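S.K.: Sharing a model that was predicted from the sequence below.
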Amino acid sequence: MKVVNLSNGAELASQVTAADTYFKRLKGLMFSKSLPAGHGLLIQPCQSIHTYFMNYSIDVIYLSKEFEIVGLDETVKPAKVGKFHRKAKSVLELPAGTIRETGTKIGNYLTTK
């Protein structure tokens, strides 16, 4: 699926995989070698993330039920824990730098296609 920022029209990723089962959420991006540009992982339900067993940094977008951005973590390094966002219902993990490059901000709305 593709993820687009409705607030500014920017495409955040053209190839997003859903992690919507227990085992897919558990594995997430652990042990992957990289997250190429244009790719992402949508984890749902989810309110917080970690980057243990990863070898690269990621950007993290925390989304409400309506896909409003309620939190952002830019360039989360390996072996770190992201912030907990009570209002988040899902999390979008993207390559580091995507948030800055697309001008994505808290309060923006995303959509999937």
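M.R.: Great, that's in hand.
S.K.: quick one: the lowest-mean-pLDDT helix or strand in the chain to chain centroid distance?
M.R.: Counting by mean pLDDT, DSSP states H and E, the weakest-scoring helix or strand in the chain turns out to be helix 22-27, with a mean of 91. Here helix 22-27 is found 15 Å from its chain centre; the criterion is Cα atoms, centre = their mean, to the nearest Å.
S.K.: list the helices and strands it packs on?
M.R.: Here helix 22-27 touches strand 15-19, going by 3 or more Cβ pairs under 8 Å, 6 or more residues apart in numbering; DSSP states H and E. Heads up, the C-betas are built off the backbone N, CA and C, glycines and all.
S.K.: what comes into contact with the strand it packs on?
M.R.: Defining contact as Cβ atoms under 8 Å, 6 or more residues apart in numbering, one finds that strand 15-19 is touched by 1-3, 24-25, 27-28, 38-44, 92, 112.
S.K.: now do stretch 97-113
M.R.: The contact list for stretch 97-113 (Cβ under 8 Å, 6+ apart) reads 1-8, 10-13, 16, 40, 42, 59, 61, 63, 66-72, 74-75, 92.
S.K.: Among the residues you listed, which lie within helices?
M.R.: Using DSSP state H, no member of those falls within helices.
S.K.: Filter the residues you listed down to the buried ones and hand me the ChimeraX line.
M.R.: The buried residues among these can be selected in ChimeraX (16 or more other Cβ atoms under 10 Å) with this line:
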select :3,4,5,10,12,13,16,40,42,59,61,63,67,68,69,70,71,72,74,92
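S.K.: State the distance from Trp112 to Leu92.
M.R.: To be clear, residue 112 is Thr; Trp isn't right here. Separation of Thr112 from Leu92 (Cβ to Cβ, to the nearest Å): 10 Å.
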